[in-house]
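Participant: sharing a sequence plus its predicted fold:
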Amino acid sequence: MPASSPSPAPLLGKTSLVDLAVAALRERISRGEWPVGSRIPIEPELATLLGVSRNTVREAVRVLAFCGLLDVRQGDGTYVASRLDPSRAMAGLCRASVLEHLETRAMLEVEAARLAALRRTEDDLAALRATLAARNTHHEGETPEAYVARDLAFHRQVLSAAHNSALAALYDFFSDAVQHVVLLMLADESVTNPDDDAHTAIVDAIAAGDAEAAACAARQLIKPLQQTAPQPNGDCA
């Protein structure tokens, strides 16, 4: 007798069904079939609606809850928390080029400096001065990675002084995405890297409460990197 064809692996089949269920639920949420704040149908109804098992529905709901689209309330039901899917937004960010990442990071740094000048506290100012001093202290034989870490600590402190958690989260993403490129560009003698005085100018403007001067100083910092950045297809692996 001829050998029978092997059956598909159950795990792959299950994963495929879960992905399809996630896509179907996400589509209904995005087009407003279930408004934000409303409770979605219960598990058995969703299983019938999608033509899948209750276990598949349960896994799909868990995925969308992790993404922030659904809010599972034990003993009450599952509610639509948002129509905006951050996972799709992040996927789009990953496809951006290095130059696009640098341009966006520049916008975030400029706005952060402006807000920091308006919102900083005395504790913020003390922390800024401390990270600035650390950043501007150069060590013989220091690795480029250590230098970039000190520089990034300073910029993140500016973000902290802006007191905007969403801005800080976006900045962290873009900084991580371009950090390896910045290291490569630091080794390029044709790139003019921002000096200590340029960073000091940001802190001075923030200390003076001069929002426009702080924004201008921040804008000048990233210009050399933007002007010499490569433009490959983006990859934030």
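Facilitator: All right, it came through fine. For clarity, every value in this text was computed on a predicted model and none was experimentally measured.
Participant: C-alpha only now, for contacts and for neighbours.
Facilitator: Will do.
Participant: let me know the average pLDDT across stretch 119-129.
Facilitator: Across stretch 119-129, pLDDT averages out at 97.
Participant: now do the buried residues in stretch 141-159.
Facilitator: The neighbour-count check on stretch 141-159 (16 or more other CA atoms under 10 Å) flags 147-148, 150-159 as buried.
Participant: now find how far off-centre that stretch is within its chain.
Facilitator: Centre-to-centre, stretch 141-159 and its host chain are 19 Å apart (CA atoms, centre = their mean, to the nearest Å).
Participant: mind saving the C-alpha coords of it as PDB?
Facilitator: C-alpha atoms of stretch 141-159 as PDB (Å, rounded to 0.1, in the frame of the first residue of the first chain):
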ATOM      1  CA  GLY A 141      40.900  54.900  25.900                       C
ATOM      2  CA  GLU A 142      37.200  54.900  26.300                       C
ATOM      3  CA  THR A 143      35.200  52.800  23.800                       C
ATOM      4  CA  PRO A 144      32.800  54.400  21.400                       C
ATOM      5  CA  GLU A 145      30.000  52.400  23.000                       C
ATOM      6  CA  ALA A 146      30.700  53.900  26.400                       C
ATOM      7  CA  TYR A 147      30.800  57.400  25.000                       C
ATOM      8  CA  VAL A 148      27.400  56.900  23.200                       C
ATOM      9  CA  ALA A 149      25.900  55.500  26.400                       C
ATOM     10  CA  ARG A 150      26.900  58.700  28.300                       C
ATOM     11  CA  ASP A 151      25.600  60.900  25.500                       C
ATOM     12  CA  LEU A 152      22.300  59.000  25.400                       C
ATOM     13  CA  ALA A 153      22.000  59.300  29.200                       C
ATOM     14  CA  PHE A 154      22.100  63.100  28.800                       C
ATOM     15  CA  HIS A 155      19.500  63.200  26.100                       C
ATOM     16  CA  ARG A 156      17.200  60.900  28.000                       C
ATOM     17  CA  GLN A 157      17.500  63.200  31.000                       C
ATOM     18  CA  VAL A 158      16.300  66.100  28.800                       C
ATOM     19  CA  LEU A 159      13.300  63.900  27.900                       C
END
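Participant: just send the buried residues of stretch 141-159 back as TSV, with distance to residue 222 and pLDDT too.
Facilitator: As requested, the buried residues of stretch 141-159 are arranged in TSV below (distance: CA to CA, whole Å; pLDDT from 0 to 100):
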residue	distance to residue 222	pLDDT
147	16	85
148	14	86
150	16	90
151	12	88
152	13	89
153	16	92
154	14	94
155	11	93
156	15	93
157	17	96
158	15	97
159	15	95
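Participant: just curious, which of these is nearest to residue 41?
Facilitator: residue 159 (41.6 Å; CA to CA).
Participant: shouldn't the closest one be within a strand?
Facilitator: No: according to DSSP: H, G, I helix; E, B strand; the rest coil, residue 159 belongs to no strand; its state is helix.
Participant: residue 168 is in contact with that one, correct?
Facilitator: Yes: with contact defined as CA atoms under 8 Å, residue 159 reaches residue 168; the gap is 5.7 Å.
Participant: just name the shakiest helix or strand of the protein by mean pLDDT.
Facilitator: The helix or strand of the chain with the poorest confidence is helix 86-94; it has a mean of 68 (mean pLDDT, DSSP states H and E).
Participant: which one of the buried residues of stretch 141-159 is nearest to residue 48?
Facilitator: Looking across the buried residues of stretch 141-159 and measuring by CA to CA, the closest to residue 48 is residue 159, at 48.1 Å.
Participant: show me what contacts the most centrally placed residue in the chain?
Facilitator: Geometric centre of the chain, nearest residue: residue 173, 3.5 Å, by CA atoms, centre = their mean. Shown in contact with residue 173 (CA atoms under 8 Å, 6 or more residues apart in numbering): no residues.
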